[in-house]
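Q: need a structure here:
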Amino acid sequence: MNRAGHFLCLAMAGVLGAGCSDQARMAGGTGSETTNTIGIAVLDQAGRPAAGARVLVRDPDESGSGTRSSAVTDAEGKTILVSVRPGDWIEVVSGDSAAAMTVDRGQASAEVVLRLSGLSGLDVSGLVPSEQVSLPGLGRTAVVDAEGKARFDRLPSGAAVIRIRGIASPVPLPAGGIGRARVQGKVAMSEWPSDGSLDSLAVRRVLDASGLQDVPVDGAAPVVEGRRRQLVLDSQNLTFLPEAIGTLDFLELLSLSNNRIERLPGSIAGLAKLEELRLVGNPLDGVPEVVRSLDSLWSLKLDSTGIDTLPEWIGDLSRLRILRVGQNRLRALPSSLTRLSRLRVLTVHSNPLVALPQGFHRLDSLQEFWGAHHAMVALPDSFAHLPSLRVLQLDYGALERLPEDMGRMGSLRDLRVSSNPIRSLPISVTSLSLDNLDVWNTPLCDLDPSLEPWLDSLATNDWRAQRKASCP
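A: Have a look, this model is predicted:
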């Protein structure tokens with residue numbers, strides 16, 4: 001599907017309550033069958049049956065204000081249209097709200113649901129003065145003014161097609177707002193309304209399909225720079241995500257923390273712009289395979305999910321900068337992790353880790369390593385070759401020593417190794433420019449005397465009293 005077709009699909013999906021695969025059928029397929037009968041169920045903006053709504057049928061190329069046929073919905077908000085042809089436009093109007101759709105080419109009959117929303121407008125620029133521009137199927141025409149602009153009012157939300165000088169280009173129409181389009185060459189480039197109203201249709205549909213009818217769109221998906229770039233559904237007692245989540249391809253952040261989700265739908269792969277995925281506190285049966293396809297992902301949070309392994313493909317997430325897998329059951333990390341050259345923060349605390357993978361020092365961009373409550377006896381000597389590491393937390397573990405060339409970690413500012421059976425520190429640590437050193441409950445029985453003044457100036461606890469109590 002091309003980009004213009006995708007805009008059409010997304011805008012219509014929110015109105016019809018159908019996914020993009022369904023919408024491709026509703027907006028016109030390639031089949032030769034004729035759609036004869038369509039059952040229409042109309043809901044008002046609150047989701048209740050809309051009785052007495054006018055249902056209009058227009059030819060796809062009609063530019064006038066007339067209709068080929070019309071009907072009125074009954075007390076249950078329903079009506080049946082007969083002799084409907086492929087490509088026909090159906091518009092529903094009720095007071096100051098409306099909805100629209102095009103008719104499928106591939107079904108002998110159909111039943112669809114249309115949800116009414118506030119009337120919208122469309123400003124078009126880049127036109128030739130005095131020409132006529134139309135929205136075929138919606139029965140709207142306008143004359144271009146001296147500045148090359150045209151304005152359409154009282155439009156149904158969803159999608160339309162602008163026709164001018166032989167150009168036919170789809171444009172989205174917001175729900176109760178003003179959409180904008182600029183004609184450039186043979187395409188009308190759409191500008192999304194600043195209130196994110198088009199996104200609202202798609203988000204509302206996902207919320208409803210998730211059983212969250214009472215959750216307001218504004219609360220779950222705030223508008224950021226004109227788009228609903230974030231969807232936060234934390235602590236909603238969710239057990240699943242609907243396939244419709246894949247239609248929200250404008251999302252940059254998806255937060256599902258503290259629910260009861262065990263797996264993700266395959267449609268997540270459609271979130272091409274997703275940068276942050278939060279699955280903290282969900283009982284996952286493993287790291288979802290579909291995450292592998294999220295090429296834009298730079299933050300992945302999987303704390304407290306119960307996972308016991310990380311897949312080898314984790315190293316394929318080349319843009320990953322933050323990886324959080326704390327409070328799980330990981331005993332090892334995959335060797336592919338060392339391919340994450342952009343990784344800046346790695347959180348693995350409260351896992352029974354016994355060792356780090358070979359080549360860990362290849363994480364050239366790593367700045368923070370949070371690994372308290374571990375089972376490691378030693379770090380690989382190459383660990384000290386991490387050039388960017390600023391924070392190293394290894395409290396509450398089984399460490400017996402630190403790498404001898406620890407002093408080459410020129411970026412290190414915060415070193416925490418409390419509650420480890422470390423008996424000494426390497427001489428090279430005096431080369432570190434530390435701001436914080438935590439050696440509480442660390443015996444240091446075999447400490448080189450030359451390190452004592454250095455410890456006195458940095459340690460956050462009375463290490464001398466501690467050593468006296470711990471060492472024979």
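
Q: so where is the stretch 101-250 of the chain shaky, pLDDT-wise?
A: The stretch 101-250 of the chain contains residues with pLDDT under 70 at 104-110, 175, 192-197.

Q: quick one, helices of it?
A: 197-209, 217-220 (DSSP state H, counting those that start in this stretch).

Q: so of these, which one's packed in deepest?
A: Mean neighbours per residue, mean count of other C-beta atoms under 10 Å, is largest over those for helix 197-209, with a mean of 24. Using the backbone N, CA and C atoms, a C-beta is placed for each residue, glycine as well.

Q: So which elements touch that helix?
A: With contacts taken as 3 or more C-beta pairs under 8 Å, 6 or more residues apart in numbering; DSSP states H and E, helix 197-209 sits against helix 3-16, helix 217-220.

Q: ok, of these, where does mean pLDDT dip lowest?
A: Between the helices and strands packed on helix 197-209, the one with the least mean pLDDT is helix 3-16; it has a mean of 34.

Q: burial count for Asp234?
A: By the criterion of other C-beta atoms under 10 Å, Asp234 has 14 neighbours.

Q: For it, give me its contacts.
A: 255-259, 278 (C-beta atoms under 8 Å, 6 or more residues apart in numbering).

Q: just Glu191 next, same as before
A: Per C-beta under 8 Å, 6+ apart, neighbours of Glu191: 179-182.

Q: Could you export the helices of the stretch 101-250 of the chain as a markdown table, including distance to Val232?
A: As requested, the helices of the stretch 101-250 of the chain are exported to a markdown table (distance: least, C-beta to C-beta, whole Å):
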| stretch | distance to Val232 |
| --- | --- |
| helix 197-209 | 11 |
| helix 217-220 | 6 |
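
Q: closest to Leu402 out of the ones you listed?
A: When those are compared by C-beta to C-beta, helix 217-220 sits nearest Leu402, at 46.2 Å.

Q: you'd agree Pro453 is in a helix?
A: Yes: counting by DSSP: H, G, I helix; E, B strand; the rest coil, Pro453 falls inside a helix.

Q: Any figure for the gap between it and Asp438?
A: Per C-beta to C-beta, to the nearest Å, Pro453 is found 18 Å from Asp438.

Q: host element of Asn259?
A: Using DSSP states H and E, Asn259 maps to neither a helix nor a strand.

Q: Enumerate every residue touching Gly266.
A: Gly266 sits in contact with 243, 246, 290, where contact means C-beta under 8 Å, 6+ apart.

Q: can you check Leu333 too?
A: Contacts of Leu333 by C-beta under 8 Å, 6+ apart are 310, 348, 353, 356-357.

Q: returning to that earlier point: mind giving me a markdown table with the contacts of Gly266 and columns for neighbour count and distance to Thr79?
A: What follows is the contacts of Gly266, written out as a markdown table (neighbours: other C-beta atoms under 10 Å; distance: C-beta to C-beta, whole Å):
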| residue | neighbour count | distance to Thr79 |
| --- | --- | --- |
| Glu243 | 17 | 29 |
| Gly246 | 20 | 31 |
| Val290 | 17 | 40 |
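
Q: Return the member of the residues you listed nearest to Val92.
A: Once C-beta to C-beta is applied, the member of those that ends up nearest Val92 is Glu243, at 25.8 Å.

Q: how about the residue nearest to the closest one when sequence neighbours are not counted, secondary structure?
A: Using C-beta to C-beta, 6 or more residues apart in numbering and skipping the chain neighbours, the partner closest in space to Glu243 is Ser267 (4.5 Å). With three-state DSSP as the basis, Ser267 sits in helix.

Q: Thought Ala209 was touching Ser267, still the case?
A: No: at 11.4 Å, Ser267 does not count as touching Ala209 under the criterion of C-beta atoms under 8 Å.

Q: Need the overlap of contacts for the two.
A: Ala244.

Q: Ala332: what secondary structure?
A: Strictly by three-state DSSP, Ala332 counts as coil.

Q: burial of it, as a residue count?
A: 15.

Q: Export the contacts of Asp234 to TSV and append columns for distance to Ala46, pLDDT and neighbour count.
A: Formatted as TSV, those follow (distance: C-beta to C-beta, whole Å; pLDDT from 0 to 100; neighbours: other C-beta atoms under 10 Å):
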residue	distance to Ala46	pLDDT	neighbour count
Ser255	27	98	17
Leu256	27	98	23
Ser257	30	98	19
Asn258	29	98	18
Asn259	26	97	21
Arg278	31	98	21
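
Q: Mind putting those into CSV with distance to Gly410?
A: Below are the contacts of Asp234 laid out as CSV (distance: C-beta to C-beta, whole Å):
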residue, distance to Gly410
Ser255, 36
Leu256, 39
Ser257, 36
Asn258, 39
Asn259, 43
Arg278, 33
